[in-house]
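J.: Structure, please.
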Amino acid sequence: MAVFLDLPDELLELIFAIARVRYWNVDYAAGRMDVRLLLVQKSRLEPIVEKLFSAYIDGPPNGQDPLTYYARLLLRPPEIKKAVRALMLDLPVDPRAALACAALIAQLPSLEHLFISSSEPIPGDQTLVLPLGVLQACATIRDLFRLEFWGRCVLPPGPLPPLPRLQVVRMYASSLDTGMSSYLAAAHIKRLHLYFSTQADATFDAGPLATVEDLVVEFLEPFFPDYFETLVCKLRRRFNECSQDLELQSLTIDAPLCHYDVDLRWLNSLRRAPLRVLKLLFASARTLKYPQVTLPQLQRLVISACADLTEPTTLQDLLAFLKRLPKLKVFDLRAETLYKTKGRRQVSLSKALAPELSEDASELRAVVDCLQEKGTVEFCARTNASPSEQFFGLYTARAEQFLRWTRQGADFKPSVFWDVLFEASSQA
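T.: Numbering: from 1, shown residues only. The predicted model follows:
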């Protein structure tokens with residue numbers, strides 16, 4: 001133990017940071033502590049551990065009065081409040097508790113990440129109005145760069161304090177009304193993550209999309225084609241309006257519950273954007289169509305769909321799309337079926353490296369040849385097969401197999417890799 005305590009503070013902080021993630025459940029700020037940490041009390045480790053475990057503060061536990069909870073946090077020592085990097089703020093309806101929230105934020109000088117939600121019933125149309133005092137407190141925090149809103153949230157009326165260092169915002173699209181849109185555009189945020197779950201989310205204002213560099217559009221529920229088309233029209237119109245000034249470098253469309261064929265021709269509205277990364281995550285879509293889509297600056301493409309490359313039309317559409325991406329360097333493809341062997345469908349990726357790949361697995365070979373000719377430096381191919389338990393020498397884990405081609409000089413060479421999802425059991 002003495003040798004352990006002789007380690008420098010920086011190394012001890014790293015050790016306890018790993019231990020916190022893997023083993024312990026501690027909330028110092030709320031006064032709750034795992035009994036195993038009693039061992040470090042009244043020792044040199046106590047201030048190190050206390051500051052580390054105070055870096056993230058959760059909202060009040062179920063049943064606890066928010067005013068009491070946030071008032072207790074205000075009484076924590078200054079050095080502990082200075083260690084807080086992330087705060088989950090469960091905004092109460094009680095104005096007094098809202099004032100306590102604002103006072104707490106103002107006393108967290110190192111705060112970087114603020115989550116805002118409300119678990120209390122909200123009268124009227126279920127819209128949470130963000131208290132002006134909370135915004136004013138946020139404006140005083142030098143390092144605050146990330147805001148997340150859970151549930152519909154609108155800004156208060158009147159002049160609002162600027163948040164000059166704000167870079168990342170995540171919210172339900174229905175919260176992006178005209179007022180919020182103007183506010184975020186003035187802040188020049190770089191990353192915007194929009195959630196879509198109800199019809200109300202389709203009413204969002206697309207104003208700040210002109211200046212963001214990284215846009216994520218995530219669908220939390222299944223949707224009908226008309227709903228998706230409505231959103232696409234709004235995005236396309238906004239992108240076309242500011243086509244000369246777009247700063248978008250990364251776009252992610254995440255719709256895992258989409259069970260329809262998806263037409264992506266609207267992506268042509270981004271042909272003048274400096275778009276370098278495109279992720280099309282339609283895990284349940286049978287077909288993705290890219291008619292005449294041209295993205296001259298694209299360098300990384302990720303496609304996930306319930307597609308079958310053994311269908312001639314699907315394969316030809318994909319190859320034509322790849323050929324219209326002159327600067328593509330990295331391609332990651334996940335499909336239901338990548339190739340067939342000897343007349344029957346085959347999803348066993350390990351066999352894709354066999355000598356017969358060039359003859360029987362012609363679909364996958366066609367994609368590889370296309371990418372090799374283009375000068376692509378990396379290609380990963382995965383199927384939608386469920387992960388399986390694999391033995392890795394010292395432990396067994398659920399893992400997912402995939403193929404990876406990498407450029408080595410003039411050659412485009414494949415290898416088998418595994419994504420380990422989590423450790424299932426260790427071997428003695």
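
J.: so residue 206 touches residue 232, yeah?
T.: No: in this structure, residue 206 is not within contact of residue 232 by Cβ atoms under 8 Å, at 11.4 Å. All C-beta atoms are positioned from the backbone trio N, CA, C, and that covers glycine.

J.: pLDDT below threshold where in the stretch 1-150 of the chain?
T.: Scanning the stretch 1-150 of the chain for pLDDT under 70 picks out 1-5, 17-44, 46, 50-53, 120-126.

J.: ranges for the helices of it?
T.: In the stretch 1-150 of the chain, the segments counted as helices under DSSP state H, counting those that start in this stretch are 2-5, 9-22, 45-53, 66-74, 78-82, 95-106, 132-139.

J.: can you redo these as a markdown table with mean neighbour count?
T.: Putting these into a markdown table (neighbours: other Cβ atoms under 10 Å) gives the following:
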| stretch | mean neighbour count |
| --- | --- |
| helix 2-5 | 8 |
| helix 9-22 | 13 |
| helix 45-53 | 19 |
| helix 66-74 | 18 |
| helix 78-82 | 15 |
| helix 95-106 | 19 |
| helix 132-139 | 19 |
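
J.: Mind putting those helices into CSV with distance to residue 323?
T.: Formatted as CSV, these follow (distance: least, Cβ to Cβ, whole Å):
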stretch, distance to residue 323
helix 2-5, 59
helix 9-22, 44
helix 45-53, 51
helix 66-74, 58
helix 78-82, 55
helix 95-106, 52
helix 132-139, 48
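
J.: so which of those helices comes closest to residue 268?
T.: For residue 268, the closest of the helices of the stretch 1-150 of the chain is helix 132-139, at 38.5 Å, according to Cβ to Cβ.

J.: Of the helices of the stretch 1-150 of the chain, which is nearest residue 240?
T.: Nearest to residue 240, of the helices of the stretch 1-150 of the chain and by Cβ to Cβ, is helix 132-139 at 32.8 Å.

J.: Now the terminal residues of stretch 308-327, how far apart.
T.: Using Cα to Cα, to the nearest Å, the end-to-end distance of stretch 308-327 comes to 26 Å.

J.: try stretch 320-333
T.: 15 Å.

J.: Repeat that for stretch 192-205.
T.: OK, stretch 192-205 end separation, Cα to Cα: 13 Å.

J.: what does it rub up against?
T.: 152, 168-174, 176-178, 180-181, 184, 208-209, 212, 214-221, 223, 227, 230-231, 234 (Cβ atoms under 8 Å, 6 or more residues apart in numbering).

J.: Just the buried ones out of the residues you listed, please.
T.: Among these, those scoring as buried are 152, 168-174, 176-177, 180-181, 184, 208-209, 212, 214-219, 223, 227, 231, 234 (criterion: 16 or more other Cβ atoms under 10 Å).

J.: Take these and keep only those in strands.
T.: The strands, defined by DSSP state E, take in 168, 169, 170, 171, 172, 214, 215, 216, 217, 218, 219 from the buried ones among the contacts of stretch 192-205.

J.: Just send those residues back as TSV, with pLDDT and distance to residue 91 too.
T.: Below are these laid out as TSV (pLDDT from 0 to 100; distance: Cβ to Cβ, whole Å):
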residue	pLDDT	distance to residue 91
168	95	20
169	94	17
170	94	16
171	91	14
172	89	15
214	95	27
215	94	26
216	95	24
217	92	26
218	92	23
219	89	26
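
J.: can you list those in CSV and add distance to residue 334?
T.: Supplementary listing: those in CSV, determined by distance: Cβ to Cβ, whole Å:
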residue, distance to residue 334
168, 26
169, 28
170, 24
171, 28
172, 27
214, 21
215, 21
216, 18
217, 19
218, 17
219, 17
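
J.: between those residues, which is nearest residue 291?
T.: Checking these against residue 291 by Cβ to Cβ gives residue 217 as the nearest, at 20.5 Å.

J.: Fine by me, thanks again.
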